[in-house]
Structures are given as C-alpha cells and as structure tokens.
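Engineer: Next one to model:
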Amino acid sequence: SCKFDIKEFFIFFDGGFWKEMEVKRLLSNILDREKQEINLLKSKKELELKNKELRDTQEKLIRQEKLAVTGQLAGSVGHELRNPLGVINNAIYYLNMVLEDSPDCVKEYLNMISSEVQRSERIISDLLNFSRIEPVTFSEKIFFPDFMEEVMKRRTFDETIKIINRNIDYTICADRTHMVQIMENLIINACQAMPEGGEIVIEGKKEGDFLHISIIDTGCGIKPEHIEKIFEPLFTTKSRGIGLGLAVTKKLVEVNGGTIKVESNGRKGSVFTLIFPGGEQ
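Structural biologist: Residues are numbered from 1 along each chain as shown. So this is what the prediction gives:
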C-alpha cells in the first residue's frame with residue numbers, strides 16, 4: 001500500500017515547484033529590466049540623433065542666411081574693391097621697375113603687398129563666381145599635360161612645395177576657364193595645408209567610362225567631423241579666407257558634368273578627386 005507522507009510532500013513541493021516558479025519570476029523580471037534598459041538606450045540614441053540633426057540644420061540655416069547677405073553684397077562690393085586693387089597692382093609693377101637695385105627688404109615688402117593683393121583678388125573672385133555660376137554652354141577638349149603646364153605658369157607656388165604630375169595623359173571636355181579655377185583652387189588649398197612645405201601629386205586614372213583626376217597632398221589632413229561640411233559655403237577651419245574656395249570648386253565641377261570627393265585620415269594628407277565622364281588617352 002502507498003503511504004502518504006505530508007512532510008515529504010511539502011519538502012518536494014516547496015523545494016521543486018515553488019523554486020521553479022521563483023526562478024521563472026526572477027528571470028521574467030530580469031528580462032523586463034533588460035528590455036527597459038534597451039528601450040532607454042534607443043530613446044537616448046534617438047534623442048542624440050535628433051539633437052545633432054537640429055544643430056546641423058541650425059548651422060546650415062545660419063550659413064544660408066550669411067550666404068544670402070553675401071550674395072547681395074558680392075556684385076556691387078566686389079567690383080568696387082577691384083578698382084583700388086588694380087591701382088595697387090599697377091603701383092607694385094612700377095615700383096619693381098624703378099627699384100631694381102633696391103635693398104632686399106624693400107623687394108620683400110613689395111612681394112608681401114603683391115601676395116596680399118592676389119589673396120584679396122581670390123576672395124573677390126570667389127564671391128562673384130559663387131553668386132553667378134551658370135551651366136556650361138560651351139566645352140572644349142582639354143589635354144591635361146598641356147593644360148597643367150598652363151596652370152603652373154599662371155601662378156608661382158612656394159619653393160618648399162614640390163608638385164608632381166603623374167599619368168595625366170588624358171583629354172576631357174570641359175570649360176577651360178572653369179577647369180583653370182578648379183585646379184588652382186585645389187592646388188592652393190593643398191599648399192595651405194602644408195605651411196612648412198611638402199608634396200602635391202596630381203594623378204590621372206581611367207575607371208570604366210570615367211576619368212579620375214586626384215590631387216594628393218602630404219598636409220595636415222582633414223578631421224572626420226569636417227569631411228561632410230568641407231564643400232559647404234562659408235565653412236572654414238582656417239584663420240584666413242571666408243570658406244568659399246571649395247564650395248565654388250564643387251559648383252564648377254558639377255556644372256561641367258563631374259563630381260568631386262575628398263578622403264583623409266584626419267592626421268596626415270588629403271586626396272581630392274575629380275570624376276568626369278569620358279576621358280580619352
């Protein structure tokens with residue numbers, strides 16, 4: 001016969017069933033807390049993302065507002081400023097002729113004035129060009145080796161910077177004036193990133209139906225947080241300039257049917273690449 005022991009029953013019941021129920025309850029509580037923590041983390045990330053979007057939108061609106069004011073002033077002020085700059089340039093040319101035997105310090109100061117006039121001219125050009133860039137109506141075939149020789153003759157660069165042309169035996173169709181400004185802007189930008197000197201390599205490469213022209217420098221690099229903003233109007237990390245050079249460059253590339261991209265590890269060196277359809281060798 002089966003003898004029922006109430007004590008053993010409660011020991012079994014309490015030690016088995018109830019403990020199992022308690023474990024399940026604890027596990028359920030743990031899972032609930034984990035879900036709550038995950039939801040809190042998601043909410044926090046979403047909030048941070050929204051705050052970032054709001055900050056970016058605010059910065060963009062401020063730049064657009066500044067750009068609108070700049071555009072209104074650019075035409076009239078730009079032309080007015082070019083007149084006195086022209087007079088200064090003529091004065092420098094005359095002084096260089098009559099002071100050929102002058103002390104080195106005099107020539108140094110004249111070169112400084114000339115350099116600042118050129119910088120002012122670039123700022124005015126950027127202001128005027130950004131406000132009036134229009135789609136290209138006429139393109140011509142540009143053979144890059146001859147074209148780069150022309151660009152290098154137009155402007156003198158610091159002797160501490162070495163510029164190397166590599167594999168650029170290609171021809172593209174574009175507006176020549178636009179291309180001169182594009183290359184000048186990118187070379188000047190690379191030079192400014194190397195105040196103590198360095199090397200700029202201008203390299204061509206054909207990929208499928210597209211020609212890639214890369215401007216590679218050994219400068220200070222671009223911080224990751226600045227990469228996305230570098231082509232935006234009036235964005236600059238430099239103490240000099242107004243942040244329109246690369247914005248103008250991007251606009252000129254696009255009206256010629258191309259695109260531009262930038263790569264940098266944020267520590268040393270940057271690569272600006274122009275991508276144009278076609279490109280004959």
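Engineer: how about the longest strand along the chain: buried residues?
Structural biologist: Secondary structure assigned by DSSP state E gives strand 198-207 as the longest strand of the chain. Buried residues in strand 198-207, counted by 16 or more other Cβ atoms under 10 Å: Gly198, Ile200, Val201, Ile202, Glu203, Gly204. C-beta here means a position set from N, CA and C on the backbone, and glycine is covered the same way.
Engineer: could you say what helices and strands that strand packs with?
Structural biologist: strand 161-166, helix 176-192, strand 210-217 (3 or more Cβ pairs under 8 Å, 6 or more residues apart in numbering; DSSP states H and E).
Engineer: Just put the ones you listed in TSV and tack on distance to Asn256 and mean neighbour count.
Structural biologist: Listed next are the helices and strands packed on strand 198-207 as TSV, based on distance: least, Cβ to Cβ, whole Å; neighbours: other Cβ atoms under 10 Å:
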stretch	distance to Asn256	mean neighbour count
strand 161-166	20	14
helix 176-192	6	20
strand 210-217	12	21
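Engineer: Make JSON lines from the ones you listed and add mean pLDDT and distance to Glu263 to it.
Structural biologist: Formatted as JSON lines, those follow (pLDDT from 0 to 100; distance: least, Cβ to Cβ, whole Å):
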{"stretch": "strand 161-166", "mean pLDDT": "91", "distance to Glu263": "17"}
{"stretch": "helix 176-192", "mean pLDDT": "90", "distance to Glu263": "13"}
{"stretch": "strand 210-217", "mean pLDDT": "94", "distance to Glu263": "9"}
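Engineer: How many residues are close by Leu234?
Structural biologist: Applying other Cβ atoms under 10 Å, we find 16 residues neighbouring Leu234.
Engineer: likewise Glu59?
Structural biologist: Using other Cβ under 10 Å, the number of residues around Glu59 comes to 13.
Engineer: cool, His79 as well?
Structural biologist: His79, neighbours per other Cβ under 10 Å, totals 11.
Engineer: count of neighbours near Leu54?
Structural biologist: Using other Cβ under 10 Å: Leu54 sits among 10 other residues.
Engineer: what pLDDT does it get?
Structural biologist: Per-residue confidence (pLDDT) for Leu54: 85.
Engineer: Which of the three states applies to Phe235?
Structural biologist: coil (DSSP: H, G, I helix; E, B strand; the rest coil).
Engineer: State the distance from it to Glu199.
Structural biologist: According to Cβ to Cβ, to the nearest Å, Phe235 and Glu199 sit 26 Å apart.
Engineer: Lys45 now?
Structural biologist: 42 Å.
Engineer: would you list every one of the strands in this protein?
Structural biologist: Taking DSSP E, the strands of the chain run over residues 140-143, 161-166, 171-174, 198-207, 210-217, 259-264, 270-277.
Engineer: got those strands as JSON lines, with distance to Ile113 columns?
Structural biologist: Below are those laid out as JSON lines (distance: least, Cβ to Cβ, whole Å):
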{"stretch": "strand 140-143", "distance to Ile113": "34"}
{"stretch": "strand 161-166", "distance to Ile113": "22"}
{"stretch": "strand 171-174", "distance to Ile113": "34"}
{"stretch": "strand 198-207", "distance to Ile113": "26"}
{"stretch": "strand 210-217", "distance to Ile113": "28"}
{"stretch": "strand 259-264", "distance to Ile113": "33"}
{"stretch": "strand 270-277", "distance to Ile113": "30"}
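Engineer: Out of those strands, which gets nearest to His79?
Structural biologist: Closest of those to His79 is strand 171-174, at 27.1 Å (criterion: Cβ to Cβ).
Engineer: So which elements touch the closest one?
Structural biologist: Judged by 3+ Cβ pairs under 8 Å, 6+ apart, strand 171-174 is in contact with strand 140-143.
Engineer: contact partners of the strand it packs on?
Structural biologist: Tyr170, Thr171, Ile172, Cys173, Ala174, Asp175, Arg176, Met179 (Cβ atoms under 8 Å, 6 or more residues apart in numbering).
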